[in-house]
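Chemist: From the sequence below, what's the structure:
(4 chains)
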2 protein chains.
Amino acid sequence: MSKQGASLPVIDLTGDTPCCPPLAQRRVPAETAAVLAPAFKALGDPVRLQLMSMIASAEGGEACVCDLTPAFDLTGPTISHHLKTLREAGLVDAERRGTWVYYRARPAILRQLAALLTIEPTSAE
Amino acid sequence: MSKQGASLPVIDLTGDTPCCPPLAQRRVPAETAAVLAPAFKALGDPVRLQLMSMIASAEGGEACVCDLTPAFDLTGPTISHHLKTLREAGLVDAERRGTWVYYRARPAILRQLAALLTIEPTSAE
DNA sequence: CGCCTGTCTTGACGTCCGTCGAATCAGACA
DNA sequence: TGTCTGATTCGACGGACGTCAAGACAGGCG
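Modeler: The predicted structure follows:
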């Protein structure tokens, strides 16, 4: 995973990005929206949402492509494409160990997205 | 808002949909992914993410289109199109009162999305 | 070394998306 | 009733997306 790992425009949202006041608390600035929207977009496909869940909930916190692919009625390249999308959105990390490639969730950005959507129970309705 | 309000395929995610165990806790089933992914997709555009925030954080919990539109360098029809997308994703409700149309966030689905992304602090990394 | 298996990239195709201008609809007001 | 303003819909355009088949690359093993 050396080449693509270096060439991909990996978004750095590992924790120090100023982003997190809930969406309903104050208006999200355009720059923040531009940074976070691609992450939501990446989750906006049923296949990727399931992939993300399978990776995040996997034993040991990581999942092998060889386990991911057969779970869908899609070709290998298509799954690979979706995983690349998740990688470019900063949602997962990939690592090759021998024959297989393992994907691992990045909890920091997931927490940021969750925080953005969080609403206090006393919010209208 | 009579005609379009009735004809749109409004998604009912008001609370009784079985959906909410965190993404990282157990694998999201295909049906759940198919229902929730469109909501993430709707938030996957910077303009819509800002619109959502402006609506959710507005005084009184609602925002007028006349206040939303001038906040962007986009035409009225384009903003209207994005608002329709948010509406169809079940993220907002629209109501016409006299001359103006007001949009209001639907906290239930926001909470569902937030819950899905929630991760316990003790999750790898 | 050569082959095999697993994964990714490339190129292509059809579809969906974001945007706009023009036309249309809904209320308010004279 | 007619007209004006605000919001949506319609039709169109360029670009991005999801998918696949075919080819290329990486690592293990004989």
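Chemist: Show the contacting residues for A:Ala42.
Modeler: Listed by C-beta atoms under 8 Å, 6 or more residues apart in numbering or on different chains, the contact partners of A:Ala42 are A:48, A:85-86, A:88-89, A:91, B:44. Heads up, the C-betas are built off the backbone N, CA and C, glycines and all.
Chemist: And the pLDDT at it?
Modeler: Each residue has a pLDDT score; the one for A:Ala42 is 98.
Chemist: What sits closest to it if chain neighbours are left out?
Modeler: In space, and not counting its chain neighbours, A:Ala42 is closest to A:Ala89: 3.6 Å by C-beta to C-beta, 6 or more residues apart in numbering or on different chains.
Chemist: The one you found and A:Asp45 touch, don't they?
Modeler: No - here A:Ala89 lies out of contact with A:Asp45, judged by C-beta atoms under 8 Å, at a distance of 11.0 Å.
Chemist: give the contact list for the residue nearest the centre of chain A.
Modeler: Ranked by distance to the mean C-alpha position of chain A (C-alpha atoms, centre = their mean), the top residue is A:Leu91 at 2.2 Å. With contact set as C-beta under 8 Å, 6+ apart, A:Leu91 has these partners: A:39, A:42-43, A:52, A:105-106, A:109-110.
Chemist: Neighbour count: A:Ala89 and A:Asp45, which is higher?
Modeler: A:Ala89 (24 against 20; other C-beta atoms under 10 Å in any protein chain shown).
Chemist: For that one, which residues are in contact?
Modeler: Applying C-beta under 8 Å, 6+ apart, one finds that A:Ala89 lies in contact with A:11, A:38-39, A:41-42.
Chemist: Among these, which lie within strands?
Modeler: Nothing among the contacts of A:Ala89 maps onto strands, per DSSP state E.
Chemist: Just name the closest of the residues you listed to A:Ile79, please.
Modeler: For the contacts of A:Ala89, the residue nearest A:Ile79 by C-beta to C-beta is A:Ala42; the value is 14.3 Å.
Chemist: mind checking how far that closest one is from DNA strand D?
Modeler: As judged by C-beta to the nearest atom of the strand, to the nearest Å, A:Ala42 and DNA strand D stand 8 Å apart.
Chemist: Roughly how far does that residue sit from A:His82?
Modeler: Taking C-beta to C-beta, to the nearest Å as the measure, A:Ala42 falls 9 Å from A:His82.
Chemist: quick one: common contacting residues for those two?
Modeler: The contact sets of A:Ala42 and A:His82 overlap at A:Arg48 (C-beta under 8 Å, 6+ apart).
Chemist: any idea which element the residue of chain A found nearest DNA strand C lies in?
Modeler: Nearest to DNA strand C, among the residues of chain A, is A:Pro77, at 2.9 Å (C-beta to the nearest atom of the strand). Using DSSP states H and E, A:Pro77 falls within helix A:76-88.
Chemist: Just the C-alpha atoms of that helix, please, in CSV.
Modeler: The C-alpha trace of helix A:76-88 is given here as CSV (Å, rounded to 0.1, in the frame of the first residue of the first chain):
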residue,chain,number,x,y,z
GLY,A,76,-13.8,-6.9,-6.6
PRO,A,77,-12.9,-3.7,-8.4
THR,A,78,-16.1,-2.1,-7.4
ILE,A,79,-15.6,-2.9,-3.7
SER,A,80,-12.0,-1.7,-4.1
HIS,A,81,-13.3,1.6,-5.6
HIS,A,82,-15.7,2.1,-2.6
LEU,A,83,-12.9,1.4,-0.2
LYS,A,84,-10.8,4.0,-2.0
THR,A,85,-13.6,6.5,-1.6
LEU,A,86,-13.8,5.8,2.1
ARG,A,87,-10.0,6.2,2.3
GLU,A,88,-10.0,9.5,0.5
